[in-house]
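**Q** one predicted model, sequence on top.
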Amino acid sequence: MRPLRRGNRVAVFVVALTAGLVLAACGGDPEEPADENPDAQSVTSGTELTQTWPLTGLPVTGDDTAGQSHPVLVVKMDNTGGSAPQQGLDKADLVVEELVEGGVTRLAAFFYSAIPTETGPVRSMRASDIGIVAPVGATMVTSGAAAVTLERISGAGIPYFSEGSPGFYRDSGRRAPYNLMTDLAETAKAADLGKEVTPVDYLSWGTSEDLPRGQKAKVIQASFSGGHTTYWRYKGGGYVNENSNADRDQPFPTDTVLVLRVQVGDAGYKDPAGNFVPETILEGTGEAMLFHGGRLVRATWSKASLDAPIELSTVAGELKIPAGHTWIELVPADGGEVTFAKK
């Protein structure tokens, strides 16, 4: 059963069983004026229940709701030079970068509030993805996986679409294995749940004002291995990935870079080139570094189980992520490194 939104972020229609509890957006008294804010629902106490997207915390606008009839779709995307230009990242809600074999990284791009057409290149999934996608009951979009990984993914109850599924095609203008793409809108139709469902919030969302002041940090280097470092620079109110493989006109609009220092184990098999396949262990606890607004806030992350949400805290208590588009870097605690500079 897919998890539903937690907290008061989802607009829930409640039958009034006690006097005084009436949701204005459910109609109310016919003589009451219409709600002038379609993105929120007011109760008689004056409290507003604002709808927000679960993967960004951003407010829902217009006549939309925070629910979709398709699940969260997570596209496994290649992140080497051969993948350039990556397509569709500008429509993603959230991106997770993880270590794979050979010291390179792969992206898990989350799509929910918007669904692009041309998306990819699509590559294979890993057991590491269980802890990444399970908290929101996501469906994977992948080229496939090794037999041992498919067994573990299926055992975790994670659905997936792979080559041959609706929307998948090979782009003749690209070379294999970087030519598998998907029209994600067609894949989303195949994943239609037949009813509107809203997952839990992926992170605990807040505002910039919620953050401790932290320290200046406008340049970030997140090294996953000796073979790959992701470079970030704070510019124009957001973060620019300076060695991105994304289409130049379709970058992911990064508001926050969240680094989680993680343990990495052995997935138990090797790739065709003989490299051992690493497995990121996304549960337990570890060091976190939250970069937002050109500043760094240090914290601790915790995750009670693979399907539990990521929680952040400082000595002062819970740390909330400013609503927006977040890029999560799962940097190995051993063998990885994170450095930053003031400018």
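**A** Alright, I've got the coordinates.
**Q** endpoints of stretch 250-257, how far apart?
**A** For stretch 250-257, the separation between the terminal residues is 18 Å (CA to CA, to the nearest Å).
**Q** got it, and stretch 287-303?
**A** Across its full length, stretch 287-303 reaches 12 Å end to end, with CA to CA as the criterion.
**Q** ok, residues contacting that stretch?
**A** 131, 208, 211-218, 220, 232, 234, 239, 255-261, 282-286, 309-314, 319, 321-322, 333, 338, 340 (CB atoms under 8 Å, 6 or more residues apart in numbering). Glycine gets a C-beta too; all of them are placed from N, C-alpha and C.
**Q** ok now that stretch, how far from the chain's centre?
**A** Relative to the mean C-alpha coordinate of its chain, stretch 287-303 is positioned 16 Å out (CA atoms, centre = their mean, to the nearest Å).
**Q** please apply the same query to stretch 240-256.
**A** The mean C-alpha position of stretch 240-256 is separated from the chain mean by 15 Å, CA atoms, centre = their mean.
**Q** tell me the helix or strand right after the longest strand seen in the chain.
**A** Among the elements of type strand in the chain, defined by DSSP state E, the one spanning the most residues is strand 256-270. Tracing the chain C-terminally past strand 256-270 and defining elements by DSSP states H and E, one meets strand 276-281 next.
**Q** how about the helices in the protein?
**A** Taking DSSP state H as the criterion, the chain carries its helices at 129-133, 147-155, 184-190.
**Q** count of neighbours near Ala316?
**A** Here the number of neighbours of Ala316 (other CB atoms under 10 Å) works out to 8.
**Q** residues contacting it?
**A** Contacts for Ala316 (CB under 8 Å, 6+ apart) come out as Pro212.
**Q** so how far is Ser154 from it?
**A** The span separating Ala316 from Ser154 equals 42 Å under the rule CB to CB, to the nearest Å.
**Q** hang on, the earlier thing: okay, the helices of the chain, which one's buried deepest?
**A** Across the helices of the chain, the average number of neighbours (mean count of other CB atoms under 10 Å) peaks for helix 129-133, which reaches a mean of 26.
**Q** pLDDT at the residue lying closest to Ala341 once chain neighbours are set aside, what is it?
**A** Leaving out its chain neighbours, the residue that sits closest to Ala341 by CB to CB, 6 or more residues apart in numbering is Val219, at 4.2 Å. According to the per-residue confidence, Val219 scores 98 in pLDDT.
**Q** ok, Val219 to Asn79 distance?
**A** Counting by CB to CB, the gap between Val219 and Asn79 amounts to 20 Å.
**Q** the more surrounded of the two?
**A** When Val219 and Asn79 are compared on other CB under 10 Å, the one with more neighbours turns out to be Asn79, at 24 against 16.
**Q** now do the same contact list for the more buried one.
**A** With contacts taken as CB under 8 Å, 6+ apart, Asn79 has the following neighbours: 86, 97, 104-107, 245.
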